[in-house]
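*Asks:* Build me a structure from this.
(one chain, ligands or ions: 2)
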Amino acid sequence: MQIGSHEHRDAFCSHFTQTYIEYDPKTLPWPVLNADALHRLQSVPFWEEVFYTERRAGAIVAAFTETISDPVLKAALVLQGEEETRHANLIRVMIDKYGLDAPERPMEDLGADIETRFKDFGFGECLDSFLGFGLFKIAWQAEFLPREILQIFETLMYEETRHIVFFINWMAYTEARRGWFARTVSPLTSFHYYLRALHRMAGLARRGKQLNDGKNFAATQVGMFLDGFNFRNFLEDCYAENGRRMSSFDPELLRPSFLPQLAEVALKALRLWNVRAEVEPAAASLPPLRGADTRAPERQ
Ligand SMILES: [Fe+2]
Ligand SMILES: [Fe+2]
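*Replies:* Ligands and ions are numbered 1, 2, ... in the order given. Below you'll find the model as predicted:
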């Protein structure tokens, strides 16, 4: 399949629309929580940010959809916009149901260059999802939140995975239509947008820290989530989960490759580093070489 062809466009758009899941956030099986679980859910400090991010996502996709004339792309984008808005509604339902402290913030001005905003948002989703895959696995294994709630979030994770597959295909399709040689999204373009996404993530982390200073996301809660946290294991989880989740998509479609490839290189380096670190202490414990002077130095 030639990237940038109508066949390519039809494949990634129809895959996106065919994998749509119908549900209403209000009628999902929200569990009744005991006091402990409720307290843990209420003490998570980022619901306000998640709520805002999903509302912002819906607004960006809806505004970008307005600028698209191709009916096939437009229909898929309309669906993505609706899904992002439904994510925001899902979070709103959860906030109301469990009395979470997450007020609705006013929406920022999206600016005039909505295509760049959509690309920033798309690469941001790729970065968030790649890290989110690993974090979700940790949360699931640690049973940080009740399984019924994580199961609801699993649907959300699946939809985000669909969004990033759609986005990467749209990006390569658009570059190819503009006459660029595109078998995939150019690594330079990816690098440029991922840097911007990282910059935005760092800003968000700083703002989050300021907002949450003084709030009580108790050390025990963090400890439960990050007990035994190890960067290499986390990266292994992100990488493996990315592979597992992406394997359910049509192999003909492009999928985000920049971050998984970067992670693969980093993991190889970390494994090599660990092998060296393991070999060196082992060598130190070997018997001294024949002929080596092992006598204690004489006192002067
Ligand atoms: Fe979303
Ligand atoms: Fe999304």
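*Asks:* Which part of the protein gets nearest to ligand 1, residue-wise?
*Replies:* Closest to ligand 1 within the chain is H87: 3.8 Å, counting by C-beta to the ion. In short, each C-beta sits where N, CA and C put it, glycine included.
*Asks:* That residue is in contact with E54, isn't it?
*Replies:* Yes. H87 is within contact range of E54, at 4.2 Å (criterion: C-beta atoms under 8 Å).
*Asks:* tell me the contacts of W47?
*Replies:* Contacts for W47 (C-beta atoms under 8 Å, 6 or more residues apart in numbering) come out as I91, M94, I95, L100, D101, A102.
*Asks:* Looking at those residues, which one is closest to G111?
*Replies:* Ranked by distance to G111 (C-beta to C-beta), those are led by I91 at 24.3 Å.
*Asks:* what helices or strands is whichever helix or strand that closest one is part of leaning on?
*Replies:* Per DSSP states H and E, I91 falls inside helix 71-98. Contacts defined by 3 or more C-beta pairs under 8 Å, 6 or more residues apart in numbering; DSSP states H and E place helix 71-98 against helix 6-18, helix 35-43, helix 47-66, helix 147-177.
*Asks:* Now the weakest link among those helices, please, by mean pLDDT.
*Replies:* Mean pLDDT is lowest for helix 35-43 out of the helices and strands packed on helix 71-98, coming in at a mean of 91.
*Asks:* what's it packed up against?
*Replies:* Secondary-structure packing of helix 35-43 (3+ C-beta pairs under 8 Å, 6+ apart): helix 71-98.
*Asks:* Next, the angle from the following helix or strand past the helix it packs on to helix 71-98.
*Replies:* For helix 71-98, the following helix or strand on the C-terminal side (DSSP H and E) is helix 114-142. If you take axes from the mean of the first three to the mean of the last three C-alpha atoms, to 10 degrees, helix 114-142 sits at 50 degrees to helix 71-98.
*Asks:* Can you point out the buried residues in helix 114-142?
*Replies:* By neighbour count with 16 or more other C-beta atoms under 10 Å, helix 114-142 contains the buried residues 114, 117-139.
*Asks:* Get me the contact residues on the protein for ligand 1.
*Replies:* Neighbours of ligand 1 within the chain, by C-beta under 5 Å from the ion: E54, E84, H87.
*Asks:* 6 Å instead?
*Replies:* E54, A57, E84, H87, E160 (C-beta under 6 Å from the ion).
*Asks:* Quick one: neighbours of the residue in the chain that ligand 2 sits nearest to, just the number.
*Replies:* Distances between the chain and ligand 2 by C-beta to the ion are smallest at H163, namely 3.6 Å. Each residue near H163 was counted by other C-beta atoms under 10 Å, and the total is 22.
*Asks:* swap in A75?
*Replies:* Neighbour tally, A75, other C-beta under 10 Å: 15.
*Asks:* Next, the contact list for it, please.
*Replies:* Counting by C-beta under 8 Å, 6+ apart, A75 has contacts C13, T17.
*Asks:* Also the one 4 residues further on?
*Replies:* Counting by C-beta under 8 Å, 6+ apart, L79 touches F16, T17, Y20.
*Asks:* And the contacts of W47, which is closest to L254?
*Replies:* Among these, and counting by C-beta to C-beta, the member closest to L254 is I91, at 29.4 Å.
*Asks:* what number of residues lie near the closest residue to the closest one other than its chain neighbours?
*Replies:* Of all residues not flanking I91 in the chain, F51 sits nearest, at 4.6 Å (C-beta to C-beta, 6 or more residues apart in numbering). Number of residues near F51 (other C-beta under 10 Å) recorded here: 23.
*Asks:* Look up how far I95 lies from F51.
*Replies:* Distance, F51 to I95, using C-beta to C-beta, to the nearest Å: 7 Å.
*Asks:* who touches both of these two?
*Replies:* A102.
*Asks:* pLDDT below threshold where in the protein?
*Replies:* Low-confidence segments of the chain, defined by pLDDT under 70: 181-182, 209, 211-228, 275-300.
*Asks:* Just give me the residue right at the centre of it.
*Replies:* Residue closest to the average C-alpha location in the chain (C-alpha atoms, centre = their mean): S129, at 1.5 Å.
*Asks:* That one and T161 touch, don't they?
*Replies:* Yes. Between S129 and T161 there is a contact at 6.4 Å, judged by C-beta under 8 Å.
*Asks:* near ligand 2, which residues of the chain?
*Replies:* A57, E84, E125, E160, H163.
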